[in-house]
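K.L.:
Fold the following and give me the result.
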Amino acid sequence: MSEKGRHDYAATVVWTGNSGEGTKHYRAFSRDHEITCASKPTVFGSADPAFLGDSSRYNPEELLLSSLSACHMLWYLHLCANAGITVTEYIDNATGRMIETTNGSGYFESVTLKPSIRIGAADDSELAKSLHDKAHSFCFIANSVNFDVGCEPEVLAG
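P.N.:
Model prediction:
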């Protein structure tokens with residue numbers, strides 16, 4: 001049993017990219033892998049194509065960006081429901097910037113969430129816009145990263 005307030009998660013990542021030579025040299029293997037969590041559908045991952053990955057699969061950088069976006073959205077929808085604001089549409093075209101360093105490592109410098117939200121015609125659009133700040137402060141993922149996460153919301157009524 002978990003402690004109150006503590007949530008434990010588990011994921012299994014399996015490398016599926018052994019082309020027969022293992023990691024004998026840098027170009028000898030595929031970066032393909034599969035991510036599973038319990039009995040949920042498998043996420044097919046790879047590296048970014050810049051690092052010899054398969055562009056048809058999700059890469060870790062895209063998954064980090066989408067995790068930030070989804071966490072913010074879920075908090076925002078929760079806060080709007082509590083505030084009596086009816087959100088009828090939500091789409092976020094989030095962007096992120098990763099910097100590669102001279103030693104080959106890298107880090108995310110920033111992420112910008114760009115949610116476009118449609119609310120009910122009679123709802124308070126200023127309140128709806130302000131709830132993004134509160135959603136950001138509650139977002140589990142944003143609270144766990146060490147780079148700037150900005151938000152440029154657009155709220156449309158009706």
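K.L.:
got the contact list for Ile119?
P.N.:
Counting by CB atoms under 8 Å, 6 or more residues apart in numbering, Ile119 touches Cys80, Ile85, Thr86, Val87, Thr88, Ser125, Ala128, Val155, Leu156, Ala157. Heads up, the C-betas are built off the backbone N, CA and C, glycines and all.
K.L.:
ditto for Lys114
P.N.:
Lys114 touches Asp92, Asn93, Ala94, Thr95, Cys151, Glu152, Pro153, Glu154, counting by CB under 8 Å, 6+ apart.
K.L.:
Separate out the buried members of the residues you listed.
P.N.:
Neighbour-count burial (16 or more other CB atoms under 10 Å) applied to the contacts of Lys114 gives Asp92, Ala94, Cys151, Pro153.
K.L.:
can I assume Glu109 is in contact with Met98?
P.N.:
Yes. The pair Glu109 / Met98 is scored as a contact, 6.9 Å apart, by CB atoms under 8 Å.
K.L.:
Which one's more surrounded, the two?
P.N.:
Neighbour totals were compared for Glu109 and Met98, and Met98 leads with 16 against 11 (other CB atoms under 10 Å).
K.L.:
which residues touch the more buried one?
P.N.:
Glu61, Gly106, Tyr107, Phe108, Glu109.
K.L.:
Please indicate which of these has the highest neighbour count?
P.N.:
Busiest of those [other CB under 10 Å] is Phe108, holding 18 neighbours.
K.L.:
Thought Gly96 was touching it, still the case?
P.N.:
Yes. Using CB under 8 Å, Phe108 makes contact with Gly96 at a distance of 5.9 Å.
K.L.:
overlap in contacts of those two?
P.N.:
Going by CB under 8 Å, 6+ apart, residues that sit against Phe108 and also against Gly96 are Glu61, Leu64.
K.L.:
Check which strands are paired with the least confident helix or strand in the chain by mean pLDDT and give the direction for each one.
P.N.:
Here the helix or strand of the chain ranked lowest by mean pLDDT, DSSP states H and E is strand 12-15, holding a mean of 92. Sheet pairing of strand 12-15 (DSSP bridges) gives strand 33-36 (antiparallel).
K.L.:
Following element in sequence after the partner strand, please.
P.N.:
Counting by DSSP states H and E, the next helix or strand C-terminal to strand 33-36 is strand 43-45.
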